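# model this:
(one chain, ligands or ions: 1)
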Amino acid sequence: MTVREWDTEKYKGVFVAMYSAYDDTGKVSKERVRKLARYYASTGVKGLYVGGSSGEGILHSTEERKQVLEAVMEEVAKELIIIVHVGANSTKESVELAVHAESVGVDAISSVPAIYYRLSEASVERHWQEMIDSTSLPFIIYNIPQTTGFHLSQTLFKKMARQDKVIGIKMSGESVFELQQFKANAEKPLLVYNGPDEQYLGGRIMGADGGIGGTYGVMPELFCRLERFYREGEINKAQQLQGKINAIISKLLSFPSLYGACKAILSLRGIETGVPRLPLLPIGEADSERLIELNGEIEKLTASYTSLQV
Ligand SMILES: CC(=O)N[C@@H]([C@@H](O)[C@H](O)[C@H](O)CO)[C@@H](O)CC(=O)C(=O)O
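The predicted model follows:
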């Protein structure tokens, strides 16, 4: 069998886990999705991760997930690398989304294990395998044990990673040791993405090839700067910037919902994405002053770092 060589370079770097975009009645708005994607295309990020946790994919109908992806592809497919999360509770729906993703030309598909049922490794393996076999696209495992409850073992990971089409893992668990182990245990060069935005630098130092994160969405230029510091070996500067980013993330996490806060910040910048879908909470009036202040802080920090780019 010929081993297919993927251009893994194109998958390395900063990927925004893109938020959902709804109209004012809560329906998915293709127009707003396009506007959000266009904004990210202007910031220097490598690509987008569509329909993941930050994208609320799991709260959307299959049709809505297709609509979101189509809007993204229509707007930025030529400029950004697009990875789409196709994981759903049933394998059947996940496969349908994977096939659709291939038909619109994404660069890779990705999936969490199915949630709700306490699944065996064999079950998760089969779930992923059906998706992998349904397209000719590369596949990126999405490991996020704190939300799915599924702890991916190195054994299953190793087995999955032997396949040509499995090119990477998005490691949203918090252990950078485990992240490093995924990299070390793959029997081929394999992409590892840092998941926790608070330790982007830590993940990179321990072997990640880039990151996929939700809070990048309100400060994409800062994560691009952090990536650049790391690539240029400016570790002290990178450490300082990571500290400043973390102060912002802590404030974002102090609101009733992280996505609500991020979406409200985008709205302050004229990018409307609506409020998150329940049960994720919106941000109330009482928090608006604090949000304006935080947005100002992010913009000031971004300006101070982008002025460094000559
Ligand atoms: C557990 C969790 O949700 N982690 C987030 C982070 O971006 C996270 O929101 C951030 O580090 C703030 O804690 C990402 O790893 C998830 C992600 O990329 C996604 O939206 O799919």
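# Other residues contacting the helix or strand where A261 lies?
In this structure, A261 is located in helix 258-268 according to DSSP states H and E. When contacts are defined by C-beta atoms under 8 Å, 6 or more residues apart in numbering, helix 258-268 is touched by residues 19-20, 36, 39, 54, 56, 214-215, 217-218, 252, 255, 272-276, 280-283, 287-288, 291-292, 294-295, 298. Where C-beta positions appear, they are placed from N, C-alpha and C, glycine not excepted.
# just the residues you listed that are near the ligand?
With C-beta under 6 Å from any ligand atom as the criterion, the subset of the contacts of helix 258-268 in contact with the ligand comprises 54, 214-215.
# Kindly present those residues as JSON lines, with separate columns for neighbour count, pLDDT and secondary structure.
Output for these, formatted as JSON lines (neighbours: other C-beta atoms under 10 Å; pLDDT from 0 to 100; DSSP: H, G, I helix; E, B strand; the rest coil):
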{"residue": "S54", "neighbour count": "25", "pLDDT": "97", "secondary structure": "coil"}
{"residue": "G214", "neighbour count": "23", "pLDDT": "98", "secondary structure": "coil"}
{"residue": "T215", "neighbour count": "26", "pLDDT": "98", "secondary structure": "helix"}
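# got the residues you listed as a markdown table, with distance to S120 columns?
Compiled in a markdown table, these are given as follows (distance: C-beta to C-beta, whole Å):
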| residue | distance to S120 |
| --- | --- |
| S54 | 28 |
| G214 | 29 |
| T215 | 33 |
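# tell me which parts of this structure are close to the ligand?
17, 49, 52-54, 144, 146, 172, 195-198, 212-215, 249, 258.
# switch to 5 Å and redo it
Taking C-beta under 5 Å from any ligand atom, the part of the chain that reaches the ligand is made up of 17, 52-54, 172, 195-197, 212-214.
# Now, of these, which are buried?
Applying a neighbour-count criterion of 16 or more other C-beta atoms under 10 Å, the buried members of the residues of the chain next to the ligand are 17, 52-54, 172, 195-197, 212-214.
# ok, which pair from those is furthest apart?
Longest distance between any two of these is 13.7 Å, between G52 and P196; criterion C-beta to C-beta.
# hey, what's in contact with both of those two?
Between them, G52 and P196 share no neighbouring residue, with contact defined by C-beta under 8 Å, 6+ apart.
# wait, what's in contact with I283?
Contact analysis of I283 by C-beta under 8 Å, 6+ apart lists 255-257, 260-261, 263-264, 275, 291.
# The residue nearest to F157 when sequence neighbours are not counted - how many residues pack around it?
Distances taken as C-beta to C-beta, 6 or more residues apart in numbering place F182 nearest to F157, at 5.9 Å, with adjacent residues excluded. Per other C-beta atoms under 10 Å, the neighbour tally for F182 reads 23.
# Report the secondary structure state of F182.
Per DSSP: H, G, I helix; E, B strand; the rest coil, the secondary structure class of F182 is helix.
# What's the separation between it and V86?
With the distance defined as C-beta to C-beta, to the nearest Å, F182 ends up 21 Å from V86.
# gap between stretch 56-70 and the chain center?
In terms of C-alpha atoms, centre = their mean, to the nearest Å, the centre of stretch 56-70 is set 15 Å apart from its chain centre.
# Need the residues that contact that stretch.
The contact list for stretch 56-70, computed with C-beta under 8 Å, 6+ apart, reads 19-21, 28, 30, 33, 50-51, 55, 82, 84-88, 93, 96-97, 100-101, 104, 106, 115, 259, 276-277, 280.
# In the stretch 51-200 of the chain, which residue sits closest to the ligand?
The nearest approach of the stretch 51-200 of the chain to the ligand comes at G52, 2.5 Å away (C-beta to the nearest ligand atom).
# Can you give me every residue that contacts the closest residue to that residue other than its chain neighbours?
Excluding its sequence neighbours, the residue lying closest to G52 (C-beta to C-beta, 6+ apart) is H85, at 4.3 Å. For H85, the contacting residues are 49-52, 55, 57, 109-112, 142, by C-beta under 8 Å, 6+ apart.
# Filter those residues down to just the buried residues.
Those of the contacts of H85 that meet the buried threshold are 49-52, 55, 57, 109-112, 142, by 16+ other C-beta under 10 Å.
# residue ranges of the helices in this structure, please?
Residue ranges of the helices in the chain, as given by DSSP state H, are 30-41, 62-76, 91-103, 121-134, 145-148, 154-161, 176-185, 200-205, 220-231, 235-252, 258-268, 288-306.
# Would you reformat those helices as TSV and include mean pLDDT?
Supplementary listing: the helices of the chain in TSV, determined by pLDDT from 0 to 100:
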stretch	mean pLDDT
helix 30-41	98
helix 62-76	98
helix 91-103	98
helix 121-134	98
helix 145-148	93
helix 154-161	96
helix 176-185	96
helix 200-205	98
helix 220-231	98
helix 235-252	98
helix 258-268	97
helix 288-306	96
